[in-house]
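# can you look at this prediction? I've put the sequence above it.
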Amino acid sequence: MGRLTGKDAMRHKNTSARRAKKKHQKALKRAQQLTHRRQELARHVVKAAAHLHSPLSRWSPQADGLEGLARQGKMTPFEAASWADELAGRGEHIPKEVWTMSRVQALSAEELIVRLAGLGISTFEDAFREQFSQAWSIWETAERLWLPQLQPQATVHERDFVRVAACVLHGRWMQDTPSHEALLSTFFEGLAALENSEDRRAVERWLSFWRMLRPRLPTRIRHDDLISELQNMREPFFSWALDFATAARNAVREQPELAAPAAEVLGELLSRLAPEDEHWELDLVGDRACLLDAAGRRDEAEQLLRWLREKYPHQSVGYAVQAGLWSHKEANPEQLQRALQLLEEAAARPVLDGQHWELDSRVQQLRRALQESPRSAPIPP
């Protein structure tokens with residue numbers, strides 16, 4: 001395809017302006033989301049530090065139990081049960097009547113069932129499995145199936161025990177069946193790793209997160225939609241996809257074995273793309289191509305980027321990413337020349353976002369590299 005003329009040129013000029021405005025708005029929104037996330041993380045760290053400094057200043061374990069700790073820390077009972085263990089590990093005294101996660105895990109399945117029976121609760125594994133299959137949440141299963149069997153005068157610690165026992169028994173009865181609680185926990189572990197610049201850890205946790213989430217996704221995913229199972233994430237699903245792609249591209253520099261599984265995740269995401277959401281393709285296909293290249297599947301990467309250039313000939317990503325992959329550290333003059341020609345082709349169309357991708361600068365770097373040394377590494381992908 002050559003240069004556009006006449007009405008087509010005007011139409012593309014108007015389209016370019018609209019897309020540039022939309023891209024700018026999207027970039028601002030993304031920046032705001034990242035800023036908000038960092039602020040939330042900072043507040044959480046400060047809050048946790050304050051609790052760890054004097055964790056019992058406002059929490060009365062005997063009176064409040066885990067329910068009170070969950071309210072005070074604005075967390076789920078699941079997190080409170082684990083946090084109580086963390087407090088104990090830091091030397092804080094946790095009264096024996098408080099059912100921390102480790103204290104419940106120390107009991108055998110038979111002991112748990114006997115204790116639950118002593119509270120008037122009938123624990124049938126089949127009934128638990130059936131209720132869990134409807135709720136996909138351990139806590140909701142306990143709330144629906146077991147807590148109604150407690151006497152009205154049940155103490156907070158007895159209610160805590162029922163909930164934590166449900167969690168422990170789920171792990172023993174349904175070891176290979178993930179839960180909503182496990183999904184969110186794994187997501188936040190990955191997010192914390194990302195915020196700490198631990199890209200490898202983030203990718204590993206999010207690969208597990210994806211394996212749990214994948215069976216529950218709708219057939220089509222729409223841009224900025226919140227998947228029902230992820231409402232507690234309070235984040236657009238698309239933002240997670242971008243975070244995952246970025247972390248994966250960073251991680252494979254030191255852990256190349258992560259490239260193939262990460263590329264497969266992006267491929268599965270793109271296969272569920274809602275037709276009107278081209279941003280998924282523009283933002284994620286280039287990342288997937290880089291991961292395929294890192295996995296040694298260069299023919300697939302080039303084919304994918306060729307498809308992207310054909311579908312979006314006036315967008316820079318297909319040209320810039322391919323040129324970057326061709327101009328690697330061990331590139332020979334022929335590869336550098338191919339990369340230069342591709343970027344010159346993009347500039348000649350012209351592409352709509354060349355300035356954003358700094359095409360002029362990339363072209364100049366490639367020209368200098370060809371003049372100075374065939375072994376130069378002019379630009380990264």
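Cool, got the structure.
# give me the domain ranges for the protein.
Following automatic domain parsing, one gets these domains for the chain: 60-174, 178-308, 313-381.
# what's the first-to-last distance across the second one?
The first residue of domain 178-308 is 36 Å away from its last residue (Cα to Cα, to the nearest Å).
# now the first one
Between the start and the finish of domain 60-174 there is a gap of 34 Å, counting by Cα to Cα.
# below-threshold pLDDT in the stretch 151-300 of the chain: ranges please.
Judged by pLDDT under 70, the stretch 151-300 of the chain has its weakly predicted residues at 222-236, 275-277.
# and what of the stretch 1-150 of the chain?
Screening the stretch 1-150 of the chain residue by residue with the criterion pLDDT under 70, one finds the ranges 1-57.
# report the separation between D126 and E111.
For D126, the distance to E111 equals 20 Å [Cβ to Cβ, to the nearest Å]. In short, each C-beta sits where N, CA and C put it, glycine included.
# quick one, which of the two is more surrounded?
Between D126 and E111, counted using other Cβ atoms under 10 Å, the more crowded position is E111 (12 against 8).
# list the contacts of F78.
Contacts for F78 were tallied using Cβ atoms under 8 Å, 6 or more residues apart in numbering; they are 138-139, 163, 167, 181, 185.
# need the helices for the stretch 101-250 of the chain, in chain order.
For the stretch 101-250 of the chain, the helices defined by DSSP state H, counting those that start in this stretch occupy 101-105, 109-118, 125-135, 138-145, 156-173, 180-195, 199-213, 237-251.
# can I get these in CSV with distance to L270?
Shown next, in CSV, are the helices of the stretch 101-250 of the chain (distance: least, Cβ to Cβ, whole Å):
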stretch, distance to L270
helix 101-105, 38
helix 109-118, 43
helix 125-135, 30
helix 138-145, 32
helix 156-173, 33
helix 180-195, 20
helix 199-213, 13
helix 237-251, 9
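# nearest to R220, out of those helices?
Ranking these by proximity to R220 (Cβ to Cβ) places helix 237-251 first, at 12.0 Å.
# moving C-terminal of the closest one, what's the next helix or strand?
Counting by DSSP states H and E, the next helix or strand C-terminal to helix 237-251 is helix 259-271.
# gap between that following helix and the chain center?
13 Å (Cα atoms, centre = their mean, to the nearest Å).
# check stretch 356-365 too.
Stretch 356-365 sits 31 Å away from the centroid of its parent chain (Cα atoms, centre = their mean).
# that stretch: which residues count as buried?
Going by neighbour count (16 or more other Cβ atoms under 10 Å), the buried part of stretch 356-365 is 357, 359, 362-363, 365.
# equivalent analysis for stretch 141-158, please.
Within stretch 141-158, the residues that qualify as buried by neighbour count (16+ other Cβ under 10 Å) are 141-143, 145-147, 150, 156-158.
# repeat that for stretch 255-264.
Counting neighbours by 16+ other Cβ under 10 Å, one finds that the buried residues in stretch 255-264 are 255, 258-259, 261-264.
# how about stretch 60-80?
Applying 16+ other Cβ under 10 Å to stretch 60-80 flags 61, 64-66, 68-70, 72-73, 75-80 as buried.
# repeat for stretch 188-204
Buried positions in stretch 188-204, judged by neighbour count with 16+ other Cβ under 10 Å: 188-195, 198-204.
# now the terminal residues of that stretch, how far apart.
Rule used - Cα to Cα; the end-to-end distance of stretch 188-204 is 12 Å.
# now stretch 98-116
Stretch 98-116 has an end-to-end distance of 16 Å (criterion: Cα to Cα).
# quick one: it to chain centroid distance?
Per Cα atoms, centre = their mean, the displacement of stretch 98-116 from the mean C-alpha position of its chain is 33 Å.
# next, count neighbours for the closest residue to F187 other than its chain neighbours.
Counting by Cβ to Cβ, 6 or more residues apart in numbering, the nearest residue to F187 once its immediate chain neighbours are dropped is F209, at 5.1 Å. Residues lying near F209 (other Cβ under 10 Å) number 26.
# what distance do you get for F209 to A202?
10 Å.
# anything in contact with each of the two?
With Cβ under 8 Å, 6+ apart as the test, F209 and A202 both reach G190.
# on that earlier part again, next, give me the two most distant ones among the buried residues of stretch 188-204.
Of all pairs drawn from the buried residues of stretch 188-204, the one with the longest distance (Cβ to Cβ) is F188 and R200, at 17.1 Å.
# just how off-centre is the host helix or strand of R309 within its chain?
Per DSSP H and E: R309 is located in helix 298-311. Centroid separation between helix 298-311 and its chain, computed with Cα atoms, centre = their mean, is 25 Å.
# which strands and helices sit next to it?
Packed against helix 298-311, as judged by 3 or more Cβ pairs under 8 Å, 6 or more residues apart in numbering; DSSP states H and E, are the following elements: helix 278-294, helix 317-326.
# repeat the analysis, applying 10 Å as the threshold.
For helix 298-311, the elements it packs on are helix 259-271, helix 278-294, helix 317-326, helix 333-348, judged by 3 or more Cβ pairs under 10 Å, 6 or more residues apart in numbering; DSSP states H and E.
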